[in-house]
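Trainee: Mind looking at a prediction? Sequence and model below.
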Amino acid sequence: GADGTAYLRIILDTKTEAVWIDDMYFYDADDSSQTNLINNPGFEETAAKPVSSDEGADGRRLIPVYNKSISIDGDLSDWEGTEAFEMDQRKTYAGTLTLDSKIRYAYDAENFYFAVEAEDETHYPIMNGSYWNGDGLQFTLCGMNDNFGKAYAYSYDIDSGEQFISGSEKLKGAFKRSGTTSVYEIAIPWDDFFAGGKQNAALFCCIVNDNDNDGSGRKGCTMVSEGIASYKGSGPYPLMLMLDSETGFDAWLSGTNECYAGDKAVYYADLFNSSDKEISLNLKSEKGNFNEKVTVAPNSSYKYKFELTFGEMGEENVDLTVSDGSSEKSFEVSTTVFANAEITKNIIQKHKANYAELTPLMEQCRNAGMPLDYEDVYYNILGHFVSYMELALEKNDLVRIHHQDKVLTGIYEYLKKQLNAYLD
């Protein structure tokens, strides 16, 4: 790119358990004097950083979305009572970005709605496939486990009254401009992306592009988050929680994604009261070993924090049930617990013993004249990876130990069974 940044994208076309990248090399094809242009090809410095975080949640902003049907007409009067969020993340491509914008959210059984109010001195849309280079919106709505949803776009030409819509014929949009203020209203049908219709929670992102029609093209954009302008990916998208209008309360559980054994994992229960009365909620967690009551004021929210420490590596599922006495909602989040130094030392000793146990069995099979091509491969893997794990322990790079232990244990059990079957 123009800023000298090169992006490497790895696409997996099927489900995989884990991916690690190591010893990467990048060369300038036109300059044979250059060696590796990557300063840290082995990622050693970043690999040793602790995984644990005191932030608790998975890093996503959580935005409560109220149940409210909206008329798509460019008039913001029916958005009364909804919060306007500043789109304060900005990206500049050329010149000075002359744009400020804020966004509102709503939903009903049929649609997810949002409205953007933008202060923009010049409105200059591009009404074709190059829409992204002119004034207009780019946005997406996707599920919690989706890397990216459907790519939508909306532009409006004031002179002709023409709308440009990309992504779906079901999409509804409206635009009005008064002075230097542009208002966009959008309705995305739930069933346009989600086969099951309305979702209780979803990921969303939107950017507002800016072109001042001064010959320099797109100046830049304001963003709900990254994930559209520089690259396509849902990692930084905020989580939209559709508040339950029937029960009057809602909740969401988030927590530490990864930590080392023995370190603190932090969890947050976000509680929302969308009624006009104070409510008392009961919070219960078997994994957290608590059963407590929390009072939430009318039309407000409350954040409940709890911490856990896990002594063993593996996947830990943390539960939470929230009840108001007549209805309840249950949640669960998963935390990956990596081996710490002490656990790694024990794992290394275990695999050294496994390797030593297999050595005489391999020798007996060879002495009996048995072909051991594949068995030799597995046996050597066990031997090599013991030394790899010792090196990882020395560097405090322990995030792969859990996966390596599981795979090596499977190889050991298979090889032991196979060799004994040969000898029998």
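Mentor: Looks like it arrived, so ask away.
Trainee: Quick check: phi and psi on residue 133?
Mentor: Dihedral pair for residue 133: phi -90, psi 0, per degrees, to the nearest 10.
Trainee: So what's the residue count around the nearest residue to it once chain neighbours are set aside?
Mentor: Closest residue to residue 133 apart from its sequence neighbours, by Cβ to Cβ, 6 or more residues apart in numbering: residue 218 at 4.8 Å. To be clear about C-beta, it is placed using only N, CA and C from the backbone, and glycine gets the same treatment. For residue 218, the neighbour count with other Cβ atoms under 10 Å is 23.
Trainee: So residue 218 sits against residue 94, correct?
Mentor: Yes. Residue 218 is in contact with residue 94 according to Cβ atoms under 8 Å; the separation is 7.1 Å.
Trainee: Which parts of the stretch 251-400 of the chain are helices?
Mentor: For the stretch 251-400 of the chain, the helices defined by DSSP state H, counting those that start in this stretch occupy 341-367, 373-395.
Trainee: List of residues touching the last one?
Mentor: For helix 373-395, the external contacting residues (Cβ atoms under 8 Å, 6 or more residues apart in numbering) are 44, 47-48, 341, 344-345, 347-348, 351-352, 354-355, 358, 362, 365, 372, 398, 400-401, 404, 408, 411-412, 414-415, 418-419.
Trainee: Sort out which of those are buried, if you could.
Mentor: With neighbours counted using 16 or more other Cβ atoms under 10 Å, the contacts of helix 373-395 contain these buried positions: 47, 344, 347-348, 351, 354-355, 358, 362, 365, 372, 398, 400-401, 404, 408, 411-412, 415, 418-419.
Trainee: which stretches of the chain have low pLDDT?
Mentor: Residues of the chain that meet the criterion pLDDT under 70 lie in 1-7, 18, 22-23, 32-35, 39-59.
Trainee: Any chance of JSON lines for the helices of the stretch 251-400 of the chain, columns distance to residue 108?
Mentor: JSON lines is the format used below for these (distance: least, Cβ to Cβ, whole Å):
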{"stretch": "helix 341-367", "distance to residue 108": "50"}
{"stretch": "helix 373-395", "distance to residue 108": "52"}
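Trainee: Do a quick rundown of the strands in the stretch 151-300 of the chain.
Mentor: In the stretch 151-300 of the chain, the segments counted as strands under DSSP state E, counting those that start in this stretch are 152-157, 162-166, 172-178, 181-189, 201-211, 218-223, 239-242, 249-255, 258-260, 264-273, 279-285, 290-296, 300-309.
Trainee: which one of those strands is the most hemmed in?
Mentor: strand 201-211 (a mean of 25; mean count of other Cβ atoms under 10 Å).
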